[in-house]
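>>> Would you be able to build a 3D model of this:
(chains A and B)
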Amino acid sequence: MLRYTLTRLLQGVITIWFIATATFVAMHAVPGDPLSGAKAMTTDMRHNLEVKYGLDKPVGQQYLIYMNNLAHGDLGISFTQKNRSVNDIIREHFPVSAALGILAIVFAALGGILFGALTALYRNKWPDTVIMLMVILGISVPSFVFAAFAQLAVVKLNSAFGISLLPVAGWGTVKHMILPALVLGLGTMAYLTRLMRSSMLEIVNADFIRTAKAKGLPATRIFTRHQLRNAILPVITVLGPAIAAITTGSFVVELVFAIPGLGRYFVQAVQQLDYTVIMGTTVFFGAFLVLMVIIVDLLYGLIDPRVRVN
Amino acid sequence: MATQLPPDVDAILPPGALEPLHSEARVQKITRPSLSYWQDAWIRLKANRRAILSLYLIIAMLAFTLFGPLVWRVSPSAQDLQQVSSPPGADRSAVIVPPYRPWTDAPPPVARGLTLAAPATTQYVRLAWAPLPGAVDYRIYRDIVPVHSESALGLPLGTTGSPAVTHYEDRLDLTPGTAYYSVVALNAQGVELPARETLRVEVDNAITVAEATERGLAAPNATLAIGDTVQYRLHPLGTDYLGRDMLARLMQGARVSLFIGLVAPLLYVLLGVAYGSIAGFVGGRTDQLMMRFVDFAIALPFLLFMILFKIAFGIGPGESGILPMVVALVALSWPGTARLVRGQILQVREEAYVSAARLLGGRTGYLVMRHMIPNTMGVILVTLTFAIPSAIFTEAFLSFIGLGVAPPNASWGSMSNDGIKTMLSHPHELLFPALMISITVLAFNLLGDGLRDALDAKMRSRE
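Model (predicted):
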């Protein structure tokens, strides 16, 4: 187990190194440099800025500096916001995204497991049809459309009741989190529902279910203890990629709901071509995702004895 | 009959006893027609009502894109300034009014409340009201939603400047429809007093003879009289915030969205098939090396490379980047397909029919092209159908955050982005592009489900 963990961690570090290198190479392969987009400047000014950001050195040396800084956890300084380090930006904005993401994941996982179990239980009856219809919709409608119509619905509800039931946008209280987390988790929930349903239906025919029935266990016990527990396992495996989907999905949701998270900041950096912020955030997101997938895989080994790696 | 049979045998057996019996060919006859894999799959697909309906939907969508602009010949970039943000089915008739003349004569005094001094048209709305108690000045508001006692009164239009002036003329960006005018009394310090009056006004379209002629709304030799009505141009799905025809823009947007949605997946699935089948077939160290590279390529951040390709193609922040979008999608999405195809090839490689073909002297190229790729085709086709909606989603997402298609070009994603800004007052501007994206993605998803059920027994979802 320890050896497996260490191997996975090493693989993760290599992946992050690769992402960082690819990002670095890509940034330097592009014509122009971070300063060329700025306002007209004299050669002296330009030279001073190049010295400040280390852009006057050869690319190889810049790469070493960048990697050295990265190894020390220093992601550099923003080009468009003077004297603000990328670390500061991440420290300030990531907790917001993380809070939103966790709520969305909880919502998606609970909803997915519940609805998936319901569809399997009422297979080919009306709850199955209705839920699967919603799932198809959830997969087919882009998140920004959901976000927009959720806002519209809340505005209409608020004006219909004459009181503010839920805030439409912004950040600060738990109430602010509900709507964006719901929208953010919806796509993943649809996907998990589908997965849970097929996993449940697969398990119905398993030997241990037949044994349980033969032993004369009550149906509810078979359902909760044998079927549900085993069906949840595949759902856990996809939680890693699901977290990835939710982090990338949060770009749009944060934009629409005006949430000061890292996703919205990243999109802004993209629009302003703030190179260090783009690079730093990319490496950070990459590392975060790699870590999440490793954690989920290890967790899976702990939960399911069959896949426990020696 | 080389050897002569002994005579006694002839005596035992009657003549003709050693003739072969008539063979019963019917026993082995196959009663059903033989079906190839694809014929069988097609029959199964045809039985799936949802998948077939989706197929029709996709064909309809393609026809809408390709032939729509031939039928609906309205320029997607032409502005109709008389009808900005008009919803579908909006009132298109306009009354011919005389050219505007300033309101110089004071209206007759009003007994009570707020009234209209003249019929309300988009040319002007003239209000007159009875003096309010304690008023030193009046402020006039206009709102597009009903005004409650608690809520705000809407857009402040101006003040009359004197308690003696109890009339007001509004000419500011008048749009047809319902408007709620409010008059609030102000005290000497300019603070609003509780005394107020609100009036619901139906504003009608109005146009002068000169304008109507200029915009070609009347027949060339027809004479227009004051009080006649003319019809504005028809926009079946309404207009957007710049007065551009939604239907024409949706058709133009469909070209971009479907182009990216179809071309990019096709290219990257092909690339993935080539890469994956080589890795799977060659095997060994080459395979290991190739798959390690895939592992890394999967981890590359999409958004970053999208930006980079855009810059590399020399496309500025405010310009459309359709080509970079396709390149980025192809460059970063193929590893998934490559992985899947490699796995399939590894499975198929061990099948008996491949070994048989190899024993019969089949060359590598023949084995791959004739046996392996056709036998993984089902999985590849299903991947392709699911890749299309995700590419359409990606295009919409990129255009939505301002990286994809930029004005004046349209795509469904960029139209949704525009529509979201005016969502509260004009929901149709978001609804139609969102509907197009959703219907297309839904159709491809359902078709993909159907194809998976029809083509691949192992991947078949349990019904």
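>>> use CA for all of it now, contacts and neighbours both
OK.
>>> Flag every residue of the stretch 151-300 of chain B that's near chain A.
B:296, B:299, B:300 (CA under 8 Å from any CA of the partner chain).
>>> In the residues you listed, which residue is surrounded by the most others?
residue B:300 (23 neighbours; other CA atoms under 10 Å in any protein chain shown).
>>> check contacts around the closest residue to it other than its chain neighbours.
In space, residue B:300 comes closest to residue A:19 once its chain neighbours are excluded; the distance is 6.0 Å by CA to CA, 6 or more residues apart in numbering or on different chains. Applying CA atoms under 8 Å, 6 or more residues apart in numbering or on different chains, we find residue A:19 in contact with A:283, A:286, B:296, B:299, B:300, B:301.
>>> any idea whether residue B:237 is helix, strand or coil?
At residue B:237 the chain is in coil, as set by DSSP: H, G, I helix; E, B strand; the rest coil.
>>> Count the residues that sit near it.
19.
>>> check contacts around it.
Taking CA under 8 Å, 6+ apart, we find residue B:237 in contact with B:87, B:88, B:89, B:245, B:246, B:247, B:432.
>>> any idea how far the last one is from residue A:147?
Residue B:432 sits 16 Å away from residue A:147, going by CA to CA, to the nearest Å.
>>> hmm, back to that, ok so the residue nearest to residue B:300 is a helix residue?
Yes. Assessed by three-state DSSP, residue A:19 belongs to a helix.
>>> can you tell me if the helix or strand hosting residue A:241 touches chain B.
With elements taken from DSSP states H and E, the one containing residue A:241 is helix A:239-256. Yes. Helix A:239-256 reaches chain B (CA under 8 Å from any CA) through residue A:252.
>>> tell me the mean pLDDT for that helix?
Averaged over helix A:239-256, pLDDT sits at 76.
>>> Could you identify the helix or strand that succeeds the longest helix seen in chain B?
Across chain B, the longest stretch assigned as helix under DSSP state H is helix B:246-282. Scanning forward in sequence from helix B:246-282 by DSSP H and E, the next helix or strand is helix B:284-299.
>>> got the angle between that next one and helix B:246-282?
Angle of helix B:284-299 versus helix B:246-282, following axes from the mean of the first three to the mean of the last three CA atoms, to 10 degrees, is 150 degrees.
>>> can you tell me which of the residues of the stretch 151-300 of chain B next to chain A lies nearest to residue A:63?
Among these, residue B:300 lies closest to residue A:63 (CA to CA), at 18.1 Å.
>>> mind listing what that closest one touches?
Residues in contact with residue B:300 (CA under 8 Å, 6+ apart) are A:19, A:22, B:332.
>>> right, and out of the residues you listed, which lies closest to residue B:447?
When the contacts of residue B:300 are ranked by distance to residue B:447 (CA to CA), residue B:332 comes first, at 24.6 Å.
>>> continuing past the helix or strand containing the closest one, what's the next helix or strand?
Here residue B:332 sits within helix B:322-349, counting by DSSP H and E. With elements assigned by DSSP H and E, the helix or strand that comes after helix B:322-349 is helix B:352-359.
>>> got the contact list for that following helix?
Contacts of helix B:352-359 (CA under 8 Å, 6+ apart): B:348, B:349, B:367, B:371, B:372.
>>> Helix B:322-349 and that one, what's the angle between them?
Going by the same axes, to 10 degrees, helix B:352-359 makes 90 degrees with helix B:322-349.
>>> Report the buried residues of helix B:352-359.
residue B:354 (16 or more other CA atoms under 10 Å in any protein chain shown).
>>> what pLDDT, on average, does it get?
Averaged across helix B:352-359, the pLDDT comes to 88.
>>> Put the alpha carbons of it into PDB.
Taking C-alpha atoms only, helix B:352-359 is exported to PDB below (Å, rounded to 0.1, in the frame of the first residue of the first chain):
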ATOM      1  CA  ALA B 352      -9.000 -16.400 -33.600                       C
ATOM      2  CA  TYR B 353     -10.000 -14.900 -36.900                       C
ATOM      3  CA  VAL B 354      -6.900 -12.600 -36.800                       C
ATOM      4  CA  SER B 355      -4.600 -15.500 -36.100                       C
ATOM      5  CA  ALA B 356      -6.200 -17.400 -38.900                       C
ATOM      6  CA  ALA B 357      -5.700 -14.500 -41.300                       C
ATOM      7  CA  ARG B 358      -2.100 -14.300 -40.200                       C
ATOM      8  CA  LEU B 359      -1.500 -18.000 -40.700                       C
END
